[in-house]
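**Q** from the sequence below, what's the structure:
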Amino acid sequence: EISVLILTDRVLTPGPELTALTAWVEKGGMLIRFAGPRLAEATTPDPLLPVHLLSGDRQLGGAMSWSEPAGLAPFQTTSPFAGLAVPAEVRITRQVLAEPGADLASHTWASLADGTPLVTRSVLGSGQIVLFHVTSNADWSNLPLSGLFVDMLNRLVQLSAGVANTADATVLSPAEALDGFGRLGRPPE
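**A** Residues are numbered from 1 along each chain as shown. Okay, the predicted model is just below:
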């Protein structure tokens with residue numbers, strides 16, 4: 001079984017795919033999702049998101065906009081990204097916004113300098129759902145072009161428990177990993 005699955009800008013609706021993904025996450029899978037235009041404009045609720053999203057998105061020059069691209073806030077000590085350096089050149093020009101709520105902070109692993117969530121997470125059964133509130137490519141930010149992005153994904157893979165057919169709770173290490181240049185090889189130590 002695989003430990004981590006990444007979905008980019010997909011809206012999950014009731015059906016066999018959603019049922020299978022939900023069962024997989026509940027057994028210990030880590031579902032990493034990325035926002036995009038489809039997720040921003042979704043009209044039906046998606047149950048495999050860590051937080052409820054506001055309709056639409058926030059973008060440079062838009063209705064809920066910034067006057068300049070937003071930077072990242074330092075990672076909180078409770079975040080799995082704690083200790084990673086936040087490069088000043090990483091900028092966000094567009095994001096999907098989480099619906100404000102009393103528990104939003106407990107779901108937030110990374111934020112922009114203005115406090116809005118960049119990465120949120122929730123637990124489902126034995127697994128986890130993680131959402132990057134930006135695209136997986138450079139359309140909405142330059143985060144995917146940075147070394148920070150690679151480090152963040154490495155930390156997420158290290159957190160994944162995996163889906164196993166046994167009662168063994170051993171944390172699985174990746175067998176192979178992509179480096180910053182997209183080459184498959186040995187994972188970093």
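**Q** tell me where this protein has strands.
**A** The residue ranges that make up the strands of the chain, judged by DSSP state E, are 4-8, 30-34, 58-59, 94-95, 108-111, 117-124, 127-132, 177-178, 184-185.
**Q** what would those look like in JSON lines with distance to residue 154 and mean pLDDT?
**A** The way it works is simple: take the backbone N, C-alpha and C, and place the C-beta from them, glycine included. As requested, these are exported to JSON lines (distance: least, CB to CB, whole Å; pLDDT from 0 to 100):
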{"stretch": "strand 4-8", "distance to residue 154": "11", "mean pLDDT": "93"}
{"stretch": "strand 30-34", "distance to residue 154": "12", "mean pLDDT": "96"}
{"stretch": "strand 58-59", "distance to residue 154": "28", "mean pLDDT": "55"}
{"stretch": "strand 94-95", "distance to residue 154": "22", "mean pLDDT": "88"}
{"stretch": "strand 108-111", "distance to residue 154": "14", "mean pLDDT": "96"}
{"stretch": "strand 117-124", "distance to residue 154": "14", "mean pLDDT": "96"}
{"stretch": "strand 127-132", "distance to residue 154": "13", "mean pLDDT": "96"}
{"stretch": "strand 177-178", "distance to residue 154": "7", "mean pLDDT": "81"}
{"stretch": "strand 184-185", "distance to residue 154": "13", "mean pLDDT": "84"}
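**Q** now render those as a markdown table, adding distance to residue 40 and mean neighbour count.
**A** Shown next, in a markdown table, are the strands of the chain (distance: least, CB to CB, whole Å; neighbours: other CB atoms under 10 Å):
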| stretch | distance to residue 40 | mean neighbour count |
| --- | --- | --- |
| strand 4-8 | 13 | 16 |
| strand 30-34 | 11 | 23 |
| strand 58-59 | 9 | 20 |
| strand 94-95 | 9 | 24 |
| strand 108-111 | 19 | 23 |
| strand 117-124 | 14 | 20 |
| strand 127-132 | 12 | 25 |
| strand 177-178 | 27 | 15 |
| strand 184-185 | 31 | 8 |
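**Q** what bridges to residue 7?
**A** Going by DSSP bridges, residue 7 is paired in beta bridges with residue 33.
**Q** identify the residues contacting it.
**A** Taking CB atoms under 8 Å, 6 or more residues apart in numbering as the criterion, residue 7 is in contact with 31-34.
**Q** now the strands of the chain as JSON lines including distance to residue 146?
**A** Shown next, in JSON lines, are the strands of the chain (distance: least, CB to CB, whole Å):
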{"stretch": "strand 4-8", "distance to residue 146": "17"}
{"stretch": "strand 30-34", "distance to residue 146": "15"}
{"stretch": "strand 58-59", "distance to residue 146": "20"}
{"stretch": "strand 94-95", "distance to residue 146": "16"}
{"stretch": "strand 108-111", "distance to residue 146": "13"}
{"stretch": "strand 117-124", "distance to residue 146": "13"}
{"stretch": "strand 127-132", "distance to residue 146": "13"}
{"stretch": "strand 177-178", "distance to residue 146": "15"}
{"stretch": "strand 184-185", "distance to residue 146": "20"}
